[in-house]
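Undergrad: Here is my input; please provide its structure:
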Amino acid sequence: MIFYLIISQIDDCHADYQEFQQEEAMGKSPVQKEYSLSEFCSKLSVSEATGRNWIRLGKIRPDREYQGKPYFSRTYTEKILGKLQKEEAGFLKARRNKKHISGNSMDRNYILRDSPNLKKIAQTAERMARVSQTDMLLRAVLAECAIQLLCQVYGVQTPFKECFLLHYLEGEIALGQYDELVRELFPAGKKGYHEIEAGKKGEKELFQISYVPEPNADILGLLYSSLKNLRERKAAGSYYTPTHIVKEMTKDLYESNDGNLTILDPCCGTGNFLLQLPEDFSLEQIAGRDIDALSVILARINLALKFKDAPVSLLRKQIKPGDFLLGEESETYDLILGNPPWGFQFEPSAESLLCEKFRTAKGKHMESYEMFLEEAVKRTPVGGAVAFVLPEAALNVKSHLEIRKFLMEQAQIEELNYLGDVFGGVQCPSIIMKIRKTGRPLDTCGMKIFDGSRKFEIQISRKVEAENFNFNMTDEEYELMEKIMGRKHMVFLKNQADFALGIVTGNNRKLVRSQKGEKGEIVLKGSDIRKYKIVPGDTYLAYEPEKFQQCAKTEFYRAEEKLFYRFVGNQLVFAYDNQRRLSLNSCNILIPRIPQLHIKYIMAVLNSRIAQFIYRRKFHSLKVLRSSLEQLPIPAASEEEQKQIILLTDQIASEEDTEKWMECYNAIDARVAAACSLTFQEYEKILEYEGCALPEIKEIIPFVQ
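TA: A predicted model of the protein is given here:
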């Protein structure tokens with residue numbers, strides 16, 4: 001998965017460091033191994049840039065330097081790591097890379113919300129959190145659930161209401177051929193169970209919960225993902241896909257199933273995608289692979305529940321452990337579907353092999369889902385299909401450019417479904433991408449787009465650029481946007497502006513204050529920025545760049561004129577500053593340098609509905625990126641046109657009355673529309689697209705005249 005690095009606070013580690021030095025001097029803790037900065041940062045799950053900043057700020061201290069490079073002892077590294085883990089358990093607001101948060105978690109969206117098993121699994125997870133989790137205990141709890149489900153589905157009558165695993169191990173329950181799968185799930189047998197039974201009372205309670213089978217519901221998968229340590233799931237990029245998303249993916253995959261279609265889930269987990277396939281698919285037609293052996297066992301049991309009396313030999317043949325990226329299999333499939341891992345951490349030895357095999361692995365950042373998508377397209381014949389859940393970033397983030405180039409060369413994107421944040425506990429907008437392998441360059445004609453309640457089909461062949469797959473606009477919207485973008489008098493910020501990030505203190509709790517203090521001055525946050533106006537809060541910071549995690553050049557913060565804008569959000573929000581104020585990293589800086597265009601005029605254009613219309617269609621992002629702003633068109637207006645608009649920007653900046661503010665905003669907006677050479681009809685369309693009601697449109701249009 002794609003996560004953003006948030007720096008943790010470790011100032012208290014200074015005391016630990018001094019204690020470590022004393023122990024070293026006393027000979028209590030000999031240095032067994034030294035770590036380079038790269039290895040040290042890898043252990044702590046932070047970037048090397050963060051590590052270097054921590055050294056500069058005195059938050060960590062290397063034991064020695066050799067040829068200008070820092071080295072850390074194992075003892076010191078473990079102390080720092082231990083400190084971080086304790087702080088995470090205390091819910092520190094500032095953390096390391098989020099994929100290393102630990103704990104247990106249940107995603108209630110994974111199965112249907114009215115499932116009778118939700119409360120039962122939540123109860124199990126709650127009890128499991130109170131005991132010492134071991135692999136044997138995890139397997140025992142899963143086996144308890146599996147036996148209960150198998151008994152009910154196959155009509156095995158038992159007088160028991162709890163502790164099914166114990167009765168099974170005592171020979172009081174027989175599951176026929178599926179005994180083999182249960183023994184594989186819990187190989188520890190009686191001895192292992194009695195070791196658990198001899199433990200705390202809380203462990204016994206884990207076998208006193210009853211589960212009920214539901215058609216095609218991945219009860220075992222939800223239980224497994226809820227009990228499995230969250231740290232492991234995130235490090236593996238493993239998130240189980242909510243069932244309603246899986247159902248959406250598996251419908252309408254093929255017009256008909258003649259019994260010969262073959263389907264593979266290359267990262268099947270516990271088999272949820274395979275469970276949701278239409279009922280006319282047989283077990284012989286489907287296959288699943290996963291590198292998690294325990295998931296594979298659970299997937300086999302799940303399919304034994306779906307396909308009544310399915311031979312175990314067939315289950316083993318169709319569902320088995322396998323590495324889709326580096327394995328030896330080369331079979332092709334008519335359809336490959338699933339949710340590939342995002343942000344998987346590969347071993348260094350695997351990375352070199354992946355670089356040799358995949359063109360998408362050769363960039364600076366090796367992303368697992370890109371390689372899965374590349375391999376999936378390779379492993380389908382022309383006419384075959386791929387359907388994956390992917391992060392929305394795959395469509396527009398620069399580091400994923402190569403996979404977009406790959407798709408442009410030989411595939412048709414048949415459907416794009418914008419899902420938003422659908423994975424429990426993870427803020428990462430997602431998409432469903434359905435692809436048909438054609439062997440020809442990508443053509444947008446016929447592509448279906450789904451975005452919440454908005455659904456449409458693209459009916460023209462559009463110009464496609466690998467830099468940005470921005471398909472989320474109707475043909476009418478696209479043609480209007482292209483018309484505006486292509487006007488000859490449009491200029492752009494690219495190479496004609498300075499951009500600067502707000503300050504990253506690395507320790508807001510210590511450095512950002514609600515009282516001014518001796519050296520303090522107002523520091524702005526994104527929430528302090530309104531369109532045309534700055535409303536500072538009671539947030540103060542002493543400007544001491546040497547103490548900050550990350551900081552732009554002083555000249556940007558102290559510029560005589562600059563624009564502040566909100567970094568996070570789907571709205572363009574800009575305000576003018578001539579007071580040389582500071583800002584935090586939720587509030588970034590733009591200093592335009594376009595000849596003959598005034599800074600306040602440019603602010604008006606960027607705050608307009610026209611800019612918002614283009615931004616939303618061209619960049620489907622919750623972060624306002626420099627690269628996006630550089631591509632927004634700015635009309636080169638005359639000096640007189642600019643003066644009229646600037647007078648209005650001064651007026652709106654001091655306007656307190658909401659009604660008069662909106663009047664002024666509409667007047668500015670209409671003048672920007674005129675500067676863009678929009679016709680009444682074109683501007684009216686933009687107003688409609690931006691959600692203006694008809695009465696409001698009638699009030700705005702006269703301003704153009």
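Undergrad: pLDDT at the residue positioned nearest the centre of the chain, what is it?
TA: Using C-alpha atoms, centre = their mean, the residue of the chain that lies closest to the mean C-alpha position is residue 428, 2.7 Å off. As predicted, residue 428 sits at a pLDDT of 78.
Undergrad: is the residue lying closest to it once chain neighbours are set aside in a bridge, and if so with what?
TA: Residue nearest to residue 428 in three dimensions, not counting chain neighbours: residue 391, with 5.4 Å by C-beta to C-beta, 6 or more residues apart in numbering. Every residue, glycine included, has its C-beta placed from N, CA and C. The partner list for residue 391 in beta bridges (DSSP bridges) reads residue 430.
Undergrad: Got the confidence number for residue 391?
TA: 91.
Undergrad: Surely it and residue 432 touch.
TA: No - Residue 391 lies out of contact with residue 432 (C-beta atoms under 8 Å); the separation is 11.6 Å.
Undergrad: Stretch 673-683: how far from the chain's middle?
TA: Computed by C-alpha atoms, centre = their mean, to the nearest Å, the chain-centroid distance of stretch 673-683 equals 38 Å.
Undergrad: Pull out the buried positions in it.
TA: 673-676, 678, 682-683 (16 or more other C-beta atoms under 10 Å).
Undergrad: First-to-last residue distance for it?
TA: From its first residue to its last, stretch 673-683 covers 7 Å (C-alpha to C-alpha, to the nearest Å).
Undergrad: Then stretch 390-400?
TA: From its first residue to its last, stretch 390-400 covers 12 Å (C-alpha to C-alpha).
Undergrad: With stretch 373-390 instead?
TA: Using C-alpha to C-alpha, the span of stretch 373-390 from its first residue to its last is 9 Å.
Undergrad: Same check on stretch 616-632?
TA: Terminal residues of stretch 616-632 lie 11 Å apart, using C-alpha to C-alpha.
Undergrad: can you list the domain ranges for this protein.
TA: Domain segmentation of the chain under automatic domain parsing yields 13-100, 109-235+293-308, 242-267+324-472, 497-704.
Undergrad: Including distance to residue 316, could those go into JSON lines?
TA: Listed next are the domains of the chain as JSON lines, based on distance: least, C-beta to C-beta, whole Å:
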{"stretch": "domain 13-100", "distance to residue 316": "32"}
{"stretch": "domain 109-235+293-308", "distance to residue 316": "7"}
{"stretch": "domain 242-267+324-472", "distance to residue 316": "15"}
{"stretch": "domain 497-704", "distance to residue 316": "43"}
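Undergrad: Tell me which of those domains sits nearest to residue 286.
TA: Evaluated over the domains of the chain, closeness to residue 286 peaks at domain 242-267+324-472, with 4.9 Å, by C-beta to C-beta.
Undergrad: Please report phi then psi for residue 451.
TA: Phi and psi for residue 451, reported as degrees, to the nearest 10, are phi -140, psi 90.
Undergrad: which residues of the stretch 351-500 of the chain fall in helices?
TA: In the stretch 351-500 of the chain, the helices defined using DSSP state H, counting those that start in this stretch lie at 368-378, 401-410, 475-485.
Undergrad: what comes into contact with the shortest one?
TA: By C-beta atoms under 8 Å, 6 or more residues apart in numbering, the list of residues contacting helix 401-410 from outside reads 359-360, 362-363, 370, 373-374, 377, 394-395, 413, 435, 437-442, 464, 466-467, 469.
Undergrad: Please apply the same query to the first one.
TA: Counting by C-beta under 8 Å, 6+ apart, the neighbours of helix 368-378 from elsewhere in the structure are 237, 266-267, 324-325, 336, 340-344, 346, 354, 358-361, 386, 388, 390-391, 394, 400, 402-403, 406-407, 410-411, 435, 437.
Undergrad: Okay, angle between that helix and helix 401-410 too, please.
TA: 20 degrees (axes from the mean of the first three to the mean of the last three C-alpha atoms, to 10 degrees).
Undergrad: model confidence over helix 368-378, on average?
TA: For helix 368-378, mean pLDDT is 96.
Undergrad: Distance from the chain centre to it, please.
TA: Its chain's average C-alpha position is 18 Å from that of helix 368-378, according to C-alpha atoms, centre = their mean.
Undergrad: With stretch 543-556 instead?
TA: Taking C-alpha atoms, centre = their mean, the mean C-alpha location of stretch 543-556 is offset from the chain mean by 29 Å.
Undergrad: measure it end to end?
TA: Per C-alpha to C-alpha, the first residue of stretch 543-556 is 13 Å away from its last.
Undergrad: How about residues contacting the biggest strand by length in the chain?
TA: Ranked by number of residues, the top strand in the chain under DSSP state E is strand 411-420. Strand 411-420 is contacted by residues 245, 248, 377, 385-386, 389, 392, 395, 407, 429-438, 440, 442-444, 446-452, 469, 471-472, 620 when judged by C-beta under 8 Å, 6+ apart.
Undergrad: Cross those against strands and list the overlap.
TA: Going by DSSP E, the strands hold 385-386, 389, 430-437, 448-451 from the contacts of strand 411-420.
Undergrad: Which one of the residues you listed is nearest to residue 217?
TA: Residue 217 lies nearest to residue 389 out of these, by C-beta to C-beta, at 18.7 Å.
Undergrad: give me the number of residues near that closest one?
TA: By the other C-beta atoms under 10 Å criterion, the neighbourhood of residue 389 contains 26 residues.
Undergrad: mind checking which of the domains of the chain is nearest residue 480?
TA: With C-beta to C-beta as the criterion, residue 480 lies closest to domain 497-704 of the domains of the chain, at 6.1 Å.
Undergrad: Which two of the buried residues of stretch 673-683 have the greatest separation?
TA: It's 675 and 682 that sit farthest apart of those, by C-beta to C-beta, at 13.1 Å.
Undergrad: what about residue 320, which SS state?
TA: Here residue 320 takes the strand state, with states given by DSSP: H, G, I helix; E, B strand; the rest coil.
Undergrad: wait, isn't it in contact with residue 292?
TA: No - using C-beta under 8 Å, residue 320 is not in contact with residue 292, being 11.9 Å away.
Undergrad: for the strand or helix carrying residue 645, the distance to its chain's centre please.
TA: Applying DSSP states H and E as the criterion places residue 645 in helix 639-653. Centroid separation for helix 639-653 versus its chain: 41 Å, with C-alpha atoms, centre = their mean.
Undergrad: Report how many residues lie close to the closest residue to residue 325 other than its chain neighbours.
TA: Spatial nearest neighbour of residue 325, excluding adjacent residues (C-beta to C-beta, 6+ apart): residue 371 at 5.5 Å. Residues lying near residue 371 (other C-beta under 10 Å) number 24.
Undergrad: now the one 3 residues further on
TA: Residue 374 has 20 neighbours, counted by other C-beta under 10 Å.
Undergrad: mind checking how far it is from residue 127?
TA: Distance from residue 374 to residue 127, counting by C-beta to C-beta, to the nearest Å: 43 Å.
Undergrad: Could you pull up the contacting residues of residue 257?
TA: 278, 280-281, 285.
Undergrad: rerun at 10 Å
TA: Residues in contact with residue 257 (C-beta atoms under 10 Å, 6 or more residues apart in numbering) are 263, 277-278, 280-282, 285, 334.
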